[in-house]
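>>> what's the 3D shape of this:
(2 chains)
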Protein chains: 2
Amino acid sequence: MRARDLAEPFPTVDLDADALEAARAMAEARRPGLVVLGPDGRPRTVLPGSQVLRFAIPAYVQEDPFLARVYDEQSADNLFRQLSGKPVRALLPELEAQREELPIVDPDATSIEVAAVLARMHSPLAVVMDGPEVLGVITVSRLLRALLPADPASE
Amino acid sequence: MRARDLAEPFPTVDLDADALEAARAMAEARRPGLVVLGPDGRPRTVLPGSQVLRFAIPAYVQEDPFLARVYDEQSADNLFRQLSGKPVRALLPELEAQREELPIVDPDATSIEVAAVLARMHSPLAVVMDGPEVLGVITVSRLLRALLPADPASE
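Numbering: from 1, shown residues only, chains lettered A, B, ... in the order given. Predicted structure coming up:
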């Protein structure tokens, strides 16, 4: 199997997209993150969901479970409304450092090649690029379904 | 909303379970990892899929994309068959260091409390424990669906 056959759709978002819209896209896609595209349309990094939470929830609330417990739903709503009007790039403070962390593979890469890249980079996914175009993402569970030997118990 | 209402089923595995069976469970559940339970039945850590790949694929293949490309499907099968008979703990070399990294929350924790824990620990999920019993897992995307303000465009 080749990378093009293993690629699945995955939400992508521009660096300048609205952070609240990006968070909604992540929630609706039921994915733990989004692929963030740079101005050239190429993937730059992954925005993990925990980073959205770090941005919305004040540090003193993160550090104090009691404060977190007393937040009511209305106040919670207000915390997340602050994401609106902020660009996704504001949620990614160490963007330059992250440039090297996103595995990108060729549509013709073999499944073992993709697995080797994920293993080396400790990554749960690789982005499949066909020239300038994002074909999709290969997750580690999709890869394991392709690579694991057949289960004799299920035959 | 409380943690008990947000918990979703998630595959768990014992430290001494067969590593190939664990990899199959991860693949079938379409999750990027498994929750690993210690001998006392309490969650110890998460086994990420990339760690399964690191164990199966020799380091010299991880480092050399050319070698990875020439692996054929039969050889790939043999790599992953090596997981059989190995315990999950063998895939987790730094187990002691990981003990503190897995967020565990109470069934009565509020959604903001869970969000604060995920934010602080940079974690994509929290395990909901009711005494000694694992009720399930809360993912960051499930939490965002509960916490984000309603989208006026979809009303």
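
>>> Now do the helices in chain A.
Assigned by DSSP state H, chain A shows helices spanning A:3-6, A:19-29, A:49-56, A:59-63, A:65-70, A:73-81, A:95-98, A:111-121, A:140-147.

>>> and the fifth one, anywhere near chain B?
This points to helix A:65-70. Yes - Helix A:65-70 comes into contact with chain B (C-beta under 8 Å from any C-beta of the partner chain), by way of A:65, A:68, A:69. In this view, the C-beta of every residue, glycine as well, is placed from N, C-alpha and C.

>>> got TSV for the helices of chain A, with mean neighbour count and mean pLDDT too?
What follows is those, written out as TSV (neighbours: other C-beta atoms under 10 Å in any protein chain shown; pLDDT from 0 to 100):
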stretch	mean neighbour count	mean pLDDT
helix A:3-6	19	97
helix A:19-29	20	95
helix A:49-56	24	94
helix A:59-63	15	92
helix A:65-70	15	85
helix A:73-81	15	85
helix A:95-98	12	58
helix A:111-121	24	94
helix A:140-147	22	94
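
>>> Save those helices as a markdown table, and put in distance to residue B:138 too.
Listed next are the helices of chain A as a markdown table, based on distance: least, C-beta to C-beta, whole Å:
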| stretch | distance to residue B:138 |
| --- | --- |
| helix A:3-6 | 28 |
| helix A:19-29 | 13 |
| helix A:49-56 | 11 |
| helix A:59-63 | 16 |
| helix A:65-70 | 14 |
| helix A:73-81 | 15 |
| helix A:95-98 | 25 |
| helix A:111-121 | 25 |
| helix A:140-147 | 19 |
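
>>> ok, back up a step: return the member of the residues of helix A:65-70 next to chain B nearest to chain B.
residue A:68 (4.0 Å; C-beta to the nearest C-beta).

>>> residue contacts, that closest one?
A:57, A:61, A:62, B:110, B:112, B:113, B:115, B:116, B:117 (C-beta atoms under 8 Å, 6 or more residues apart in numbering or on different chains).

>>> Check the most centrally placed residue in chain A and give its pLDDT.
In chain A, the C-alpha nearest the mean C-alpha coordinate belongs to residue A:33, at 2.9 Å (C-alpha atoms, centre = their mean). Note for residue A:33: predicted pLDDT of 89.

>>> Next: the one 4 residues further on.
On the pLDDT scale, residue A:37 is placed at 92.

>>> try the one 4 residues further on
According to the per-residue confidence, residue A:41 scores 88 in pLDDT.

>>> That one and residue B:110, how far apart?
40 Å (C-beta to C-beta, to the nearest Å).

>>> try residue A:111
Shown here: residue A:111 relative to residue B:110, a distance of 43 Å by C-beta to C-beta.

>>> Likewise for residue A:127?
Counting by C-beta to C-beta - residue A:127 and residue B:110 are separated by 35 Å.

>>> Test my guess that residue A:149 contacts residue B:80.
Yes - assessed by C-beta atoms under 8 Å, residue A:149 is found in contact with residue B:80 at 5.8 Å.

>>> shared neighbours, those two?
residue B:20.

>>> Number of residues surrounding residue A:132?
8 (other C-beta atoms under 10 Å in any protein chain shown).

>>> per-residue confidence for it?
Per the predicted model, pLDDT is 88 at residue A:132.

>>> Disregarding flanking residues, what is the spatial nearest neighbour of it?
residue A:41 (5.8 Å; C-beta to C-beta, 6 or more residues apart in numbering or on different chains).

>>> And that neighbour, its phi and psi?
phi 80, psi 0 (degrees, to the nearest 10).

>>> wait, doesn't it sit right on residue A:129?
No - Residue A:41 lies out of contact with residue A:129 (C-beta under 8 Å); the separation is 9.9 Å.

>>> And the two? Which one has more around it.
The residue with more neighbours, out of residue A:41 and residue A:129, is residue A:129; 19 against 12, by other C-beta under 10 Å.

>>> what residues are up against that one?
A:42, A:43, A:104, A:105, A:106, A:107, A:135.

>>> Okay, and the beta partners of it?
With DSSP bridges applied, residue A:129 shows beta-bridge pairing to residue A:134.

>>> Residue A:8 now?
Going by DSSP bridges, residue A:8 forms beta bridges with residue A:137.

>>> And the pLDDT at it?
Predicted confidence (pLDDT) for residue A:8: 95.

>>> Just give the number of residues close to it.
Neighbours of residue A:8 under the rule other C-beta under 10 Å: 13.

>>> ok, it touching residue A:138?
Yes - if you go by C-beta under 8 Å, residue A:8 and residue A:138 touch, sitting 7.2 Å apart.
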